[in-house]
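Undergrad: Give me a model of this one.
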Amino acid sequence: MPLSLNGRVALVTGSSRGLGHGIALSLGKAGAKVVVNYLNDRTSADLAMSALSDNRVHSMLVRADASDSEQVEAMVRSASEKLGTVDIVVPNATPDQPQKPIEEYDADFYRQMYEFFVMGPYLLAKAALPAMKRQGWGRIVNVTSEVFHCSVPNFSAYVAAKGGQIGWSRSMASELAPFGITVNTVAPGWIPTERHANDPEEAKNAYLETIPMGRWGTPKDVGDSVAFFASEEASFLTGQTLCVNGGRTPW
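TA: Numbering: from 1, shown residues only. Have a look, this model is predicted:
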């Protein structure tokens, strides 16, 4: 029996393309109404909305900075007024993540990583939690990364922020469990999307050789994992991290 999210409303930040769009599509196909969020790329956002429409997904589009508290609150409020209580939140928005030796990073970049991957989920949860608590049901699914588990070098700012995001999720899982709200994370490996169009082929080929399953992951792989965590079938799972990377981190 397929997962059913009928009657639920899901908000996915940074969902106009890439992994975010895959997540929005999987949630929508499972029956959820979906809030698509973007900041700068309206063209991609319109294409994402068309794809959702083609799959008969009830959706709405909101432009908002997922790291700005006032805009996040307004986005959740607008979604609730138009679609109903936001039951599922997926903090997915992300900035560029250049790899550099630690000496070449500056403090502002470290702060930017923290703002996106720790403050972003906090702001979204804070806006959505009152309604979730009132109804005694909710799902927070953070999109982290395998980098925290794989100890990737020359990536310290991103890895540290992702570690913070996982720690935040575990703490929130314990705090919110009594309210019927689960908090889990999916940790994708390197999944080529639009943002990776100019990445070196040698690097891609070298990474592919390390995937035990012998294929690239897809946005759908990540989206279906998020949909599972959002479903009733995962109602007794909280504080967990699922690595979606073809077996690179099997523990």
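
Undergrad: CA only for contacts and neighbour counts going forward, please
TA: Fine.

Undergrad: Check which helices and strands the longest helix along the chain sits against.
TA: Longest helix in the chain by number of residues (criterion: DSSP state H): helix 156-176. In terms of contact count using 3 or more Cα pairs under 8 Å, 6 or more residues apart in numbering; DSSP states H and E, helix 156-176 is assigned the packing partners helix 107-114, helix 147-150, strand 181-188.

Undergrad: just the strands in the stretch 1-150 of the chain please.
TA: 9-12, 33-38, 59-63, 88-90, 138-143 (DSSP state E, counting those that start in this stretch).

Undergrad: in its sheet, what does the fourth one sit against?
TA: Looking at strand 88-90 with DSSP bridges, its paired strands and their directions are strand 9-12 (parallel), strand 138-143 (parallel).

Undergrad: circling back: and the angle for the longest helix of the chain with helix 107-114?
TA: For helix 156-176 and helix 107-114, the angle between their directions (axes from the mean of the first three to the mean of the last three Cα atoms, to 10 degrees) works out to 30 degrees.

Undergrad: Show me which positions of helix 156-176 end up buried.
TA: 156-166, 168-170, 172-173, 176 (16 or more other Cα atoms under 10 Å).

Undergrad: again, but for stretch 3-17
TA: Residues of stretch 3-17 classed as buried: 3-5, 8-17 (neighbour count, 16+ other Cα under 10 Å).

Undergrad: ranges for the helices of the chain?
TA: In the chain, the helices defined using DSSP H lie at 18-29, 42-54, 69-83, 107-114, 120-135, 147-150, 156-176, 201-208, 219-230.

Undergrad: Could you dump the helices and strands packed on helix 156-176 into JSON lines with distance to N198 added?
TA: Converted to JSON lines, the helices and strands packed on helix 156-176 look like this (distance: least, Cα to Cα, whole Å):
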{"stretch": "helix 107-114", "distance to N198": "22"}
{"stretch": "helix 147-150", "distance to N198": "20"}
{"stretch": "strand 181-188", "distance to N198": "20"}
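
Undergrad: which one of those is the most hemmed in?
TA: Each of those was assessed for mean neighbour count using mean count of other Cα atoms under 10 Å. The highest is strand 181-188, with a mean of 25.

Undergrad: which residues are contacting it?
TA: Outside strand 181-188, the residues within contact range by Cα atoms under 8 Å, 6 or more residues apart in numbering are 132-133, 136-146, 166, 169-170, 172-173, 176, 222, 225-226, 229, 235, 237-245.

Undergrad: Just the buried ones out of the residues you listed, please.
TA: Restricting the contacts of strand 181-188 to buried positions leaves 132-133, 137-146, 166, 169-170, 172-173, 176, 222, 225-226, 229, 235, 238-245, with burial counted as 16+ other Cα under 10 Å.
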